[in-house]
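Participant: quick check, what structure comes out for this input:
(chains A and B)
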Amino acid sequence: MKILVCISKSPDTTSKIAFSDNNTKFDENGVQYIVNPYDEWYALVRALELKETNGGSVTIATVGGAEDDAVMRKALAIGADDAVRINAVATDAYAVALQIAEYAKSNGFDLILTGKETINYNGSQVGGMIAEALDLPFVSLASKLDVNGATASLETEIVGGVQSVEVNIPAVISCAKGMAEQRIPNMRGIMAARTKPLTVVEPAAIDTLTSFESYELPAAKSACKMIDPANMDELVELLHNEAKVI
Amino acid sequence: MSTLVYINSRNGLAKNALEAVTYGKKLGQDVVVITTGNAEDAVLAKLGEYGASKVLVDRSVTNDDSQQLTRVISKATETTGANTIVFSHDLVAKAVAPRLSVRLKAGLVAGAIAVPNGDTVKVNVFSGKAFGNVKVTSATKIISLLPNSIQPEAIGSSCAVESFDGEAGTANIKLLDTKVPEGDIPLPEAELVVSAGRGLKGPENWGMVEDLAKVLGAATACSRPVADIGWRPHHEHVGQTGVAIRPNLYIAAGISGAIQHLAGVNGSKVIVVINTDSEAPFFKAADYGIIGDAFEVLPRLTEAVKKFKSSN
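Facilitator: The predicted structure is shown next:
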């Protein structure tokens, strides 16, 4: 079984979020990039587990410049067999998805996995877009994935509950909590990652459909109003008259 | 030009569906709604009150298969000549809107939180720690609106409901089983949420959380550790890895407020934090804080709400 896992970089979860160039660019000053946690913990680790049970290979792909190789090496250290970097600026979800779809088209993958979203753009877009571009079924926000022959069995989130579904592969799946547990790369993995193949592929001609014109930070929160724990009538009164939420 | 709004009407008209129609109306064009499933005409006609001029319904599609829904909405876009398609950013939209974006080559604004300002639309980014203003450069646009970002506004009267053949084709995903706990208010749609964490010491103490939720008409939620150790079901877990919510009121008892938890709730309009530890980081994100024992404060708050409800 050939599995492709889409990898995005994201700022470390504890990064300070700030913007530069008149609030039009994310300020990368002092920011450490990591493999987007959902791509890593859920999609990549589950792909490795499936390979361990069923055999096959796990390829990781990203869209980005040479500066993203470090993040790809981190993902290789966790256990992927090889990496592909499509050498283009990741301008929007559409461009990223179509670049990956273009690469996947000629490489016959049985499963294409993504994380449920990135922690920086939170769009949850790329998986569905790849599926449409390749005319494949798409199961979003799966919390369980098993493969038996040509059939994948999944559990997926629905509003307030869970659904069990089956789909024939090839298919595209976005992976959410429950799929797998985080793996910490060991020294052997880190050493091996240095020599695993990282292929750079030239991009296809793809349009960009959206752009981030500017960013803003939320207005500073006014100081928290402390209420006497013995006086919950006061809290109710404030929630009703001041905050107007009850 | 018109705006097409997709709503999921499988369980009647949910609040987030009404929000999407209201949002569509605020874009200033004629609004047509497309939906699938078996909701009765009389129910769907009520969407007219929120600004729809017509509802198209494809009754041949009864599940949420993303390929079928994409074909139906794509066909409806073609039929109506819509240049804007609006979704509510729920679990179905997260599967369908990206597909539609590729099919129509229409830029997608995922997770909009406000009506467009000029040619940009505001979205949440960095897990709620910042906002971005997105511009769509394609002729057709798709906007997926985060639930609870605007209030539904009833402005008109009921509208026509027409059967529509969206040429859905076949479903590739086979549905085996659905488990939805009965009677709960779905978290992503809830306006009021009462949440608790490890400070409650054990699942047997959740009665006081449920009591408060009940008198408020709120949904219940929990922190990640509580879901991980199995005190509460996973679908109640709010935070970065769980559900992200933006209720009007979020009451958190016995939750310290780690950055990953805040990422799931920082869109809440008002946050009340109850914690014995005055140094809990959650107080920095709170509007109202109570330094005290949840075991005493929650029942007292429940009584205070009861008293307030009976006199109002």
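
Participant: give me the buried positions along the lengthiest strand in chain A.
Facilitator: If you go by DSSP state E, chain A has its longest strand at strand A:138-148. Applying a neighbour-count criterion of 16 or more other Cβ atoms under 10 Å in any protein chain shown, the buried positions in strand A:138-148 are A:138-145, A:147. All C-beta spots, glycine's among them, are computed from the backbone N, C-alpha and C.

Participant: next one: stretch B:273-291
Facilitator: For stretch B:273-291, the neighbour count (16+ other Cβ under 10 Å) marks B:273-275, B:280-283, B:285-291 as buried.

Participant: spit out the contact partners of the residue in the stretch 151-300 of chain B that chain A sits nearest to.
Facilitator: Nearest residue of the stretch 151-300 of chain B to chain A: residue B:292, at 3.0 Å (Cβ to the nearest Cβ). Neighbouring residues of residue B:292 by Cβ atoms under 8 Å, 6 or more residues apart in numbering or on different chains: A:229, B:274, B:276.

Participant: same list, the residues you listed, but as CSV with pLDDT and distance to residue A:127 please.
Facilitator: Listed next are the contacts of residue B:292 as CSV, based on pLDDT from 0 to 100; distance: Cβ to Cβ, whole Å:
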residue, pLDDT, distance to residue A:127
A:229, 96, 46
B:274, 97, 38
B:276, 97, 42
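
Participant: on that earlier part again, pipe the buried residues of stretch B:273-291 into TSV and attach secondary structure per row.
Facilitator: Shown next, in TSV, are those (DSSP: H, G, I helix; E, B strand; the rest coil):
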residue	secondary structure
B:273	strand
B:274	strand
B:275	strand
B:280	coil
B:281	coil
B:282	helix
B:283	helix
B:285	helix
B:286	coil
B:287	coil
B:288	strand
B:289	strand
B:290	strand
B:291	strand
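
Participant: in contact with residue 29, which residues?
Facilitator: The chain I'm using is chain A. Counting by Cβ under 8 Å, 6+ apart, residue A:29 has contacts A:18, A:20.

Participant: wrong one, I was asking about chain B
Facilitator: Residue B:29 makes contacts with B:1-3, B:83-84, as judged by Cβ under 8 Å, 6+ apart.

Participant: if you set the cut-off to 7 Å instead, what comes out?
Facilitator: Neighbouring residues of residue B:29 by Cβ atoms under 7 Å, 6 or more residues apart in numbering or on different chains: B:1-3.

Participant: please indicate which of these are buried?
Facilitator: By neighbour count, with 16+ other Cβ under 10 Å, the contacts of residue B:29 hold B:2-3 as buried.

Participant: can you name the residues of the stretch 1-150 of chain B sitting close to chain A?
Facilitator: Residues of the stretch 1-150 of chain B found near chain A (Cβ under 7 Å from any Cβ of the partner chain) are B:66-67, B:70, B:90-91, B:94-95, B:98-99, B:101-103, B:107-111, B:120, B:124-127, B:129-138.

Participant: counting by contacts, list what the helix ranked longest in chain A packs against.
Facilitator: If you go by DSSP state H, chain A has its longest helix at helix A:93-105. On a contact count with 3 or more Cβ pairs under 7 Å, 6 or more residues apart in numbering or on different chains; DSSP states H and E, helix A:93-105 meets strand A:57-63, strand A:82-86, helix A:126-134.
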